[in-house]
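Undergrad: only geometry, no sequence info:
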Ligand code: NAD
Ligand code: DAO
Ligand code: ZN
């Protein structure tokens, strides 16, 4: 039995005692050490995700220690440090996605993960008092002191890394870095424009700088975001609201033919259009990272594509979770990848999760991390 913060309904978080069942074959039970709050947790809690399930245990950016393993588990043992990942990597010889170097979208547990259950169709969480079962969330459910996840969804990492910091590699930061390195493969000397300067946008800037981008435009409607962007390597900051001219025209005007690589890190479909249309004539690549609200559609004039722009998207930055996340942790430990600037505030104890969530609404917080 342990403590969990359960989303009983829209905007209704309650601390409950839960029973977390032992791992079934192919599963692992994890002790959650630290969890970073991501906007996707808030989006689901607020009822904005039409597929969001209640009651459920949210949370998906965590640093954990393996507590026990189910039958047949071979890649981790009790005591290993891991990061659960909502994009699994089954590595099976007959998984055409895992075997391809073109994608990270392993579909092995996709259907059940979306339904808030484990691969066998059942859940591992039950209220200790009432017996009510609780849904899983994004295959992670880390607003709980213990969780159960499939073996194929845990990345085993170097134990030297502070779980209270590398937990952020479970989602947003990895996504921004991977968008640059895997999805768009930015070359040295390129120009880059980043729309939206939350944790994901800043991770894009950081990776672009490391890749040797020569000009990095940082764009946000909130100018408080510019300081961080400049310190990570942005060369220009722009507020789209500061001019009557559409931001894509401003960018084309500043560069003559547009920007080599552009990224939407807002989830706003109008911004996605601006990002595409700001991309360089002939070869510009625009990458959708932001997750748009349900039912939203993107549009542009097809001539934008005819004249050589490419529209792409990325999930988890294209990283194959079990291979890629440990490499990023190593890069962090070796000093090449800085992470501390993403941590806006730290909270102690699972019970502080609501407070950490509240802090995310200020617009000033990149990541709030709760240590359990
Ligand atoms: P965030 O809310 O912290 O940052 C978004 C930023 O966009 C804010 O600074 C905001 O001021 C800015 N913004 C809003 N409207 C804008 C506009 N019109 N023009 C310019 N800037 C604008 O969010 P985040 O945590 O950085 O996440 C960004 C997006 O990435 C979200 O949509 C999230 O769901 C998504 N995401 C995608 C993946 C993936 O795998 N594709 C993974 C994680 C997160
Ligand atoms: O494999 O079809 C599939 C589902 C992939 C899910 C990718 C989700 C990417 C965005 C999630 C944002 C999380 C914070
Ligand atoms: Zn697979």
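TA: Nice, thanks for sending it over. Here the structure is a predicted model, which means the values were calculated and not measured. Ligands and ions are numbered 1, 2, ... in the order given.
Undergrad: okay, helices next: where are they in the stretch 51-200 of the chain?
TA: Taking DSSP state H, counting those that start in this stretch as the criterion, the stretch 51-200 of the chain contains helices spanning 96-99, 110-114, 163-166, 172-178, 199-210.
Undergrad: and these as a markdown table, adding mean pLDDT and mean neighbour count?
TA: Where you see a C-beta, it was placed from the backbone N, CA and C, and this is true even at glycine. Shown next, in a markdown table, are the helices of the stretch 51-200 of the chain (pLDDT from 0 to 100; neighbours: other CB atoms under 10 Å):
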| stretch | mean pLDDT | mean neighbour count |
| --- | --- | --- |
| helix 96-99 | 98 | 15 |
| helix 110-114 | 95 | 15 |
| helix 163-166 | 98 | 22 |
| helix 172-178 | 98 | 27 |
| helix 199-210 | 98 | 27 |
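Undergrad: those: which one's closest to residue 329?
TA: Residue 329 lies closest, by CB to CB, to one member of those: helix 163-166, at 5.2 Å.
Undergrad: OK, now which residue of the stretch 51-200 of the chain is nearest to ligand 1?
TA: residue 198 (2.2 Å; CB to the nearest ligand atom).
Undergrad: how far away is residue 84 from residue 222?
TA: 31 Å (CB to CB, to the nearest Å).
Undergrad: what about these two, which has more around it?
TA: residue 84 (30 against 13; other CB atoms under 10 Å).
Undergrad: for ligand 2, what is the nearest residue in the stretch 1-150 of the chain?
TA: Closest point on the stretch 1-150 of the chain to ligand 2, by CB to the nearest ligand atom, is residue 40, at 3.5 Å.
Undergrad: other SSEs contacting the helix or strand containing that residue?
TA: Assigned by DSSP states H and E, residue 40 falls within helix 39-45. Judged by 3 or more CB pairs under 8 Å, 6 or more residues apart in numbering; DSSP states H and E, helix 39-45 is in contact with helix 353-360.
Undergrad: related to what we said a few turns ago, what about the residue of the stretch 1-150 of the chain closest to ligand 2, neighbour count?
TA: 21.
Undergrad: got a pLDDT number for it?
TA: Confidence at residue 40, expressed as pLDDT, is 91.
Undergrad: reformat the helices of the stretch 51-200 of the chain as JSON lines; add distance to residue 249.
TA: Formatted as JSON lines, the helices of the stretch 51-200 of the chain follow (distance: least, CB to CB, whole Å):
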{"stretch": "helix 96-99", "distance to residue 249": "39"}
{"stretch": "helix 110-114", "distance to residue 249": "40"}
{"stretch": "helix 163-166", "distance to residue 249": "40"}
{"stretch": "helix 172-178", "distance to residue 249": "26"}
{"stretch": "helix 199-210", "distance to residue 249": "21"}
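Undergrad: compare those and give me the one nearest residue 325.
TA: Checking the helices of the stretch 51-200 of the chain against residue 325 by CB to CB gives helix 172-178 as the closest, at 6.4 Å.
Undergrad: what is that closest one packed up against?
TA: helix 199-210, helix 321-333.
Undergrad: anything in the longest one sitting right up against ligand 3?
TA: No - with CB under 5 Å from the ion as the criterion, ligand 3 is not reached by helix 321-333; the gap is at least 10.1 Å.
Undergrad: mind checking if that helix is in reach of ligand 1?
TA: No - for helix 321-333, no contact with ligand 1 is found by CB under 6 Å from any ligand atom; the gap never falls below 11.6 Å.
Undergrad: show residues contacting that helix.
TA: 75, 83, 85, 87-89, 91, 104, 152-158, 160-161, 165-166, 169-170, 174, 177-178, 182, 319, 337-339 (CB atoms under 8 Å, 6 or more residues apart in numbering).
Undergrad: strands - which of those residues land there?
TA: Per DSSP state E, strands hold the following members of those: 83, 154-157.
Undergrad: can I assume residue 370 sits in a strand?
TA: Yes - assigned with DSSP: H, G, I helix; E, B strand; the rest coil, residue 370 falls within a strand.
Undergrad: identify the bridge partners of it.
TA: residue 35, residue 347 (DSSP bridges).
Undergrad: show me the helices in the stretch 251-372 of the chain, by range?
TA: For the stretch 251-372 of the chain, applying DSSP H, counting those that start in this stretch gives helices covering 269-277, 303-306, 321-333, 353-360.
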